[in-house]
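J.: what follows is a predicted structure for the sequence shown.
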Amino acid sequence: MQNEETYLMTLGLIQVIIVVTGLLYFKRLRKESELQLKQQTLLAKEQSMKNLAEELHDNIAPSLLLTRLQLEHETKQNASSGLQESIANIDTTLEQIRQMATLLHPSCLSQLSLPEATKSLLCQLRKYRNIKTTLTIESAFCIHEQEKEVSLFRFMQEAIQNLIKHAQATEVNVCFKSDDRFLYIYIKDNGIGFNIKTVQRGSGLYNLQQRAQSLRGQCTLLSRPGHGTHIHLQIPK
């Protein structure tokens, strides 16, 4: 009788282990499926932005440039202040298109590393927003996959965009670090900060989390009113 009870208990324990193992396995499969879906969504979004950038660069900008040349020719016949003003407006629009195309598709990453492209991004922040910036890069920090570099650059853009829209900061510090297993990005500003527990999670914060998850990483946000905001990103190499 005792042997039979032991056998039944052992059998029941084996069944529980099988069920638990199966649940964990399917949970892992679902998580992997969700991660792949996020990656595919981001890749599709990236391709759409690349297509739009190419349209701006290859078609819209040349059309405007041709109009500018035509107006410039007209000014030789008639030095009108109105024509000069139109040319100046076209020059401004062409510069805006160039900046927009760069933001939509960071082609600079095909020639520069992520840290170098980030230097360019922070330079624009200083030039157009008068925000003091610093960038610290550990010598060991290195990325070998271009898709990962693009995703990290998008993460930087999203973080900087949130800073411009909400932080009211005058300084921003960026740091790239790494160890044997992980890459780390730290972004810190001296802005107004916010209460993490009460702030409404907008698309900006959501996009940061999505980027981190698509890279199998973790994004941590630290902030409180009057003490700026810290964004910490950790992703596996």
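T.: Structure's in. What do you need?

J.: residue boundaries of the helices in the protein?
T.: 2-55, 61-77, 81-104, 114-129, 146-162, 203-214 (DSSP state H).

J.: residue 193 contacts residue 221, doesn't it?
T.: No: Residue 193 lies out of contact with residue 221 (Cβ atoms under 8 Å); the separation is 10.8 Å. Placement of C-beta: from N, CA and C, glycine included.

J.: just the residues contacting stretch 168-188, thanks.
T.: Contacts to stretch 168-188, defined as Cβ atoms under 8 Å, 6 or more residues apart in numbering, come from residues 114-115, 118, 122, 125, 131-138, 140-143, 152, 155-156, 159-160, 163, 189-192, 228-237.

J.: PyMOL command to pick out the buried ones of those residues?
T.: Typed into PyMOL, the next command selects the buried ones out of the contacts of stretch 168-188 (criterion: 16 or more other Cβ atoms under 10 Å):
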select buried, resi 114+115+118+122+125+131+133+135+137+141+143+152+155+156+159+160+163+189+190+191+228+229+231+232+233+234+235
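
J.: count the neighbours of residue 193 for me.
T.: 21 (other Cβ atoms under 10 Å).

J.: domains for this structure, by residue range?
T.: 1-105, 111-236 (automatic domain parsing).

J.: give me whichever of the ones you listed is most buried.
T.: Mean neighbours per residue, mean count of other Cβ atoms under 10 Å, is largest over the domains of the chain for domain 111-236, with a mean of 16.

J.: how much space is there between the closest residue to residue 156 other than its chain neighbours and residue 206?
T.: In this structure, residue 156 finds its nearest non-sequential neighbour in residue 118, 5.7 Å apart by Cβ to Cβ, 6 or more residues apart in numbering. From residue 118 over to residue 206 the distance is 22 Å, taken as Cβ to Cβ, to the nearest Å.

J.: repeat for residue 175
T.: 24 Å.

J.: equivalent analysis for residue 223, please.
T.: Taken as Cβ to Cβ, the span from residue 223 to residue 206 is 16 Å.

J.: what does residue 159 give?
T.: 13 Å.

J.: got a list of what the closest residue to residue 219 other than its chain neighbours touches?
T.: Residue nearest to residue 219 in three dimensions, not counting chain neighbours: residue 212, with 3.7 Å by Cβ to Cβ, 6+ apart. Neighbouring residues of residue 212 by Cβ under 8 Å, 6+ apart: 155, 218-219, 233, 235.

J.: save the residues you listed as TSV, and put in distance to residue 169 and pLDDT too.
T.: Output for those, formatted as TSV (distance: Cβ to Cβ, whole Å; pLDDT from 0 to 100):
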residue	distance to residue 169	pLDDT
155	18	90
218	24	92
219	19	93
233	18	96
235	25	94
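
J.: and the residues you listed, which two are furthest apart?
T.: 155 and 218 (12.2 Å; Cβ to Cβ).

J.: what's the overlap in contacts for the two?
T.: Common contacts of residue 155 and residue 218 (Cβ under 8 Å, 6+ apart): 212, 233.

J.: span of stretch 169-182 from start to end?
T.: The first and last residues of stretch 169-182 sit 29 Å apart, counting by Cα to Cα, to the nearest Å.

J.: centre of the chain versus that stretch, how much separation?
T.: In terms of Cα atoms, centre = their mean, to the nearest Å, the centre of stretch 169-182 is found 14 Å from the chain centre.
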